[in-house]
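Q: Sequence and predicted structure are below.
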4 protein chains.
Amino acid sequence: MSDNTPPKSTWFHDALTPDLGTIHRVDEILYSGRSAYQGIEVIKTRSFGTCLVLDGKIQSSEADVFIYHEALVQPVMITHPEPRRILIAGGGEGATLREVLRHDSVDRATMVDLDRQVVSVCRHYLPSFSDGAFDDPRANLIVGDARRFVEEATDTFDVIIIDLPDPLEVGPAQLLYTREFYTAVKRRLAPGGIVSIQSESSRWYDLHAFVAIVRTIREVFSHVAPYQVHIPSFASLWGFSAASDTLKPDALSREEVDSRISERITGTLRSYDGESHIGMFSLPKHIRTAVENADTVITDDSPLFVF
Amino acid sequence: MSDNTPPKSTWFHDALTPDLGTIHRVDEILYSGRSAYQGIEVIKTRSFGTCLVLDGKIQSSEADVFIYHEALVQPVMITHPEPRRILIAGGGEGATLREVLRHDSVDRATMVDLDRQVVSVCRHYLPSFSDGAFDDPRANLIVGDARRFVEEATDTFDVIIIDLPDPLEVGPAQLLYTREFYTAVKRRLAPGGIVSIQSESSRWYDLHAFVAIVRTIREVFSHVAPYQVHIPSFASLWGFSAASDTLKPDALSREEVDSRISERITGTLRSYDGESHIGMFSLPKHIRTAVENADTVITDDSPLFVF
Amino acid sequence: MSDNTPPKSTWFHDALTPDLGTIHRVDEILYSGRSAYQGIEVIKTRSFGTCLVLDGKIQSSEADVFIYHEALVQPVMITHPEPRRILIAGGGEGATLREVLRHDSVDRATMVDLDRQVVSVCRHYLPSFSDGAFDDPRANLIVGDARRFVEEATDTFDVIIIDLPDPLEVGPAQLLYTREFYTAVKRRLAPGGIVSIQSESSRWYDLHAFVAIVRTIREVFSHVAPYQVHIPSFASLWGFSAASDTLKPDALSREEVDSRISERITGTLRSYDGESHIGMFSLPKHIRTAVENADTVITDDSPLFVF
Amino acid sequence: MSDNTPPKSTWFHDALTPDLGTIHRVDEILYSGRSAYQGIEVIKTRSFGTCLVLDGKIQSSEADVFIYHEALVQPVMITHPEPRRILIAGGGEGATLREVLRHDSVDRATMVDLDRQVVSVCRHYLPSFSDGAFDDPRANLIVGDARRFVEEATDTFDVIIIDLPDPLEVGPAQLLYTREFYTAVKRRLAPGGIVSIQSESSRWYDLHAFVAIVRTIREVFSHVAPYQVHIPSFASLWGFSAASDTLKPDALSREEVDSRISERITGTLRSYDGESHIGMFSLPKHIRTAVENADTVITDDSPLFVF
């Protein structure tokens, strides 16, 4: 059978774990460079369109950027009764910012990203990701370290969204997944505020990072709701956490979510609505069991690494 | 960075689409053969343990066999008030049969699979998959064509479970995904009965098979509830359909599912419970939209093929 | 060991046989298109620099273009006492033409290539391959079918060089490796002339094409000298044949070759000299044995295909 | 085109350089283990039959073991007028020993290999490689370090054959490619003796190891003749060196080699004869130039590593 023979074409190899990888047919390499912090590539794949690749891993793709970013942003924005001041830690592509600014209630969205080059590469090669968000007068881009920002700033925010790259062993994000970091984040949260946190893969055979992140956040916030969506270009379920001392997104009904969306959101969401909300927060038993059994707390002294 | 160099080891290459594949580190090739119908391999992967491979595609793995088979079997079994006579079309590994026989209400479970060699290879190399189910006095294994069986049999069944391999262009399953097949299945359904149907990948970039199957089943049954779970060894969400003229699994509450499980099931389920049930049947908006917009009906004259 | 994990980067996959492939790290895809005859790509690999790829197979690379083209051209040019009129069948990159025009004795070099697009893509992206040869007043480029040309032309040539792509099952070169073609080529050869023929891989485990080509040429010419060089970007030895009714390149001494090179060639050859000549024509015993045992004659009715 | 899609089957990935790899279709993994010194695997590939793999790299294959071992052993054995006492450093598979023992002149062949497990795995899974050689009364297997042996032994040998694995950064062979090692080897050489040395890949784009080894041996012996053959399972030319203070294998004629073979060798050689000998020692100009320009001498303080 000819489909059992070696292919003749160009493929991007992404590694999910040391024992599992994906290969994506590539039509074009649009950009390939290195900032002070990480390798940056923009490639055009056949399956997922143009993709941002950091340190050799796909971070987002044209085909499913809406799934990831609606999931990261909208559940907490919809849960908060009136989100006005927003902080985004990371978020280089600008898609998180774009999702935040769909809400008319927002007065100011401050985004703190370390790597100016990621921001400009994305604005140039993936303009639809931010879709003009950086030019919105409510947007405030700060190039700097998110850890330092939350430790030194004095402002508070209604919603904080943590959208950081994987904590690789040789990458810039190691101290942005620790109890100390989440404690500093909480100090920047206004009363009644809520946080959304990118929490790594929630695929069954590789849950160690997800469950440790959820466990660590639970040291800091009294209510933490882990949730997940499937991101096709990651070939994986992806985990998030909503954390607050007062708000409970997993207590919202389908109808409540749908009615808040129609009252508050400019434009149309493609992936997130009331039924999606229920689905995201209803984790299968085997994942919930792993989350409940987690016993690792990530600290500055003992940080988390992913492959 | 050394993780950017070619690996030195043995990998199983699985193809999800013509433009996307996965590679799995292999420790052992336990069996490699060919039946009258298909290529059969049993390989031991580092990520997912021992896997059954048919015509070059992973069908099930030790690591997540429970996720797939609980999802295929339990929602319809739990929805039915008292499932006694069960038909399984396909199901060669025996794991579907094992899940069915957990229910004390079952009097007889008839399994019709074309390929005796798959059944015996799995009993030998993957005995935990069936876990003795073939020796249960209620089990009735028929080696034969499922299409012919449902067309010629006269018995009826409370629950019918369609657990067939992908309809490959050169495989044996092409006429087992058509309107004519589902119509014949329905004739074998007892009043008040319900059907569960393996419905192919429900990943966002590759929904054509899933939405066509759901659309086709809707031609035949008055209530069809599509649902999905994530199967890690497929690197993919996987779709299923529950179909009935009377029963509605998606109307069950979390509590109802949990209470029926504790009343009826022997042993402990690892993946399926009330919250999982809610999660499975709550599809994200972008998938629901694709399902609603589907307009292809699969027929004997115009069958479905997947890659 | 980290070099056993999946790589994270972009790779061109080339297939040598159905059971063996190579993967090349890619830095850039410079061109990707399709002419009326074949897929054409120009990629920049880390190991071999910019490469021309036709129908998914590397045809030539910056790093070793000199090895292939000196081997194809110089042995027959040096063997002929005074090559004046030269015919090149194929040769799209222009590197064959460049090697021919190094000889001051040449009055006219006629090149017949089917695919104008290959010629222009190479002139644009790989200008060093032809290095101005197309602008030499002695060069005469004809876009057309080489088979038809040799059948219809009336001119004769001192040296004919057959530099054609692989005879793929769906490519344009099937009838350019047959006894009928070589017979037509011979009719275009001036008395005392000699032919050089690209003769496919001469690697030990995959000799079928090479030995069939040599055997077929022996049906037509009284003296055929097979020879080979190693082409790194093909990950393979590559076979050639020198054919004549009068001339015997394998009878030249090292010293004779060196002295003819210094008398006749403009510029410096990098790969070919007297010692190289001796090495190319001294085939190892196992290859000679396979050549002697070949019994397939390629004809229009029974053409050769390679993978 | 279907041959452009990802394959569905199991492949061994071998890495030639950080930027280039090969993939081999695998039918069976016969053995997979780890000795005190290295990873050891025996795999059955479709192209080359059963292969020995050390630390993730193919070392020898059923299909071409004769090419490598005839090339390593026979040129120096044939060059020596009457080889009686032979030393093999390394040579775990037993194929070097088998080639040596074809010569009736041999009284005693001493083989010193570090890794007893490689020897026994090969005897069990690849018995044709040694073909009974270990049971020959002239064979003397010593399990130990070759460096220590040549430094401490007092015997001398007519022919010494250095058949060691690649000097990997984390492997056992680093100090077996240095000037100090070759100096110690020379002390074990009887007057009029000759040495044959496995000298790593001689492919054009990756010559650094080969040219450094040749350059280093030239520090120690007055006549060094580098030579090469193509090893298909390495997808590469492979380099060797013959070194002596008195003997010159590259001065032998084709006829002399053929006549010595017929006088001295038991059984039939498949790859080596007079013409092969001439071919091996006639390096192409670009390789000779690189060898002449080499300026790195490998020493214990500054050892050589290959990828």
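A: It's in.

Q: In the stretch 1-150 of chain A, what residue spans correspond to strands?
A: Taking DSSP state E, counting those that start in this stretch as the test, the strands found in the stretch 1-150 of chain A are A:9-17, A:20-34, A:39-45, A:49-54, A:57-61, A:85-90, A:108-113, A:139-143.

Q: Contact residues of chain A facing chain D?
A: Neighbours of chain D within chain A, by C-beta under 8 Å from any C-beta of the partner chain: A:Ser2, A:Asp3, A:Asn4, A:Thr5, A:Pro6, A:Pro7, A:Lys8, A:Ser9, A:Trp11, A:Ile23. Placement of C-beta: from N, CA and C, glycine included.

Q: and of the strands of the stretch 1-150 of chain A, who's closest to chain C?
A: Of all those, strand A:20-34 sits nearest to chain C, with 3.1 Å by C-beta to the nearest C-beta.

Q: thinking again about what came up before, I'd like the strands of the stretch 1-150 of chain A laid out as CSV, including mean pLDDT and mean neighbour count.
A: Shown next, in CSV, are the strands of the stretch 1-150 of chain A (pLDDT from 0 to 100; neighbours: other C-beta atoms under 10 Å in any protein chain shown):
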stretch, mean pLDDT, mean neighbour count
strand A:9-17, 94, 23
strand A:20-34, 95, 20
strand A:39-45, 96, 22
strand A:49-54, 96, 23
strand A:57-61, 95, 23
strand A:85-90, 98, 26
strand A:108-113, 98, 22
strand A:139-143, 97, 16
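
Q: Low-confidence ranges, chain A, go.
A: Along chain A, segments meeting pLDDT under 70 span A:1-3.

Q: Helices of that one, residue ranges please.
A: Using DSSP state H, the helices assigned to chain A run over residues A:65-79, A:95-101, A:116-125, A:127-130, A:146-152, A:179-187, A:208-218, A:254-264, A:274-281, A:285-293.

Q: C-alpha coordinates for the fourth one, PDB please?
A: This file holds the C-alpha atoms of helix A:127-130, laid out as PDB (Å, rounded to 0.1, in the frame of the first residue of the first chain):
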ATOM      1  CA  PRO A 127      -2.400  40.200  11.700                       C
ATOM      2  CA  SER A 128      -5.800  38.500  12.100                       C
ATOM      3  CA  PHE A 129      -4.800  37.200  15.500                       C
ATOM      4  CA  SER A 130      -4.800  40.600  17.100                       C
END
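
Q: looking at the helices of chain A, which is closest to C:Glu151?
A: helix A:116-125 (51.5 Å; C-beta to C-beta).

Q: What lies in contact with the closest one?
A: Residues outside helix A:116-125 that contact it (C-beta atoms under 8 Å, 6 or more residues apart in numbering or on different chains): A:30-31, A:33, A:35-36, A:38, A:40, A:42, A:50, A:52, A:54, A:92-94, A:113, A:129-130, A:134, A:141, A:143.

Q: That one: how far from the chain's middle?
A: A distance of 17 Å separates the centroid of the chain from that of helix A:116-125, by C-alpha atoms, centre = their mean, to the nearest Å.

Q: quick one, it and strand A:139-143 angle?
A: Angle of helix A:116-125 versus strand A:139-143, following axes from the mean of the first three to the mean of the last three C-alpha atoms, to 10 degrees, is 130 degrees.

Q: For the residues of chain A next to chain D, give me a markdown table that also has distance to chain B.
A: Formatted as a markdown table, the residues of chain A next to chain D follow (distance: C-beta to the nearest C-beta, whole Å):
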| residue | distance to chain B |
| --- | --- |
| A:Ser2 | 11 |
| A:Asp3 | 7 |
| A:Asn4 | 6 |
| A:Thr5 | 11 |
| A:Pro6 | 9 |
| A:Pro7 | 9 |
| A:Lys8 | 13 |
| A:Ser9 | 9 |
| A:Trp11 | 8 |
| A:Ile23 | 5 |
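
Q: Now, of the residues you listed, which are buried?
A: Buried by 16 or more other C-beta atoms under 10 Å in any protein chain shown: A:Asp3, A:Asn4, A:Thr5, A:Pro6, A:Pro7, A:Lys8, A:Ser9, A:Trp11, A:Ile23, out of those.

Q: Pull up the residues of chain A that are close to chain C.
A: A:2, A:4-16, A:18-21, A:26-29, A:32, A:41, A:43, A:55-57, A:307.

Q: if I look at the closest residue to A:Arg218 other than its chain neighbours, how far off is chain B?
A: Nearest non-adjacent residue to A:Arg218, counting by C-beta to C-beta, 6 or more residues apart in numbering or on different chains: A:Val224, 4.9 Å away. In this view, A:Val224 and chain B are 16 Å apart by C-beta to the nearest C-beta, to the nearest Å.

Q: neighbours of A:Val224, just the number please.
A: For A:Val224, the neighbour count with other C-beta atoms under 10 Å in any protein chain shown is 23.

Q: What's opposite it in the beta bridge?
A: Counting by DSSP bridges, A:Val224 is bridged to A:Ala243.

Q: can you pull the contacts of A:Asn293?
A: Here A:Asn293 is in contact with A:Val211 (C-beta under 8 Å, 6+ apart).

Q: Please tell me how far it sits from A:His286.
A: Separation of A:Asn293 from A:His286 (C-beta to C-beta, to the nearest Å): 11 Å.

Q: so who does A:Pro7 touch?
A: Neighbouring residues of A:Pro7 by C-beta under 8 Å, 6+ apart: C:His13, C:Ala15, C:Gly21, C:Gly56, D:Asp3, D:Asn4, D:Thr5, D:Pro6, D:Pro7.

Q: Can you redo those residues as CSV, where the extra columns are distance to B:Ala173?
A: Shown next, in CSV, are the contacts of A:Pro7 (distance: C-beta to C-beta, whole Å):
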residue, distance to B:Ala173
C:His13, 30
C:Ala15, 29
C:Gly21, 30
C:Gly56, 31
D:Asp3, 24
D:Asn4, 25
D:Thr5, 20
D:Pro6, 21
D:Pro7, 21
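
Q: Of those residues, just say which sits nearest to B:Val170.
A: Among those, D:Thr5 lies closest to B:Val170 (C-beta to C-beta), at 14.2 Å.

Q: Whichever residue of the stretch 51-200 of chain A sits closest to chain C: how many residues sit nearby?
A: Of all residues in the stretch 51-200 of chain A, A:Gly56 sits closest to chain C, at 2.8 Å by C-beta to the nearest C-beta. A total of 20 residues lie near A:Gly56 under the criterion other C-beta under 10 Å.

Q: Is it correct that it is in contact with A:Leu16?
A: No - with contact defined as C-beta atoms under 8 Å, A:Gly56 and A:Leu16 do not form a contacting pair (11.9 Å).
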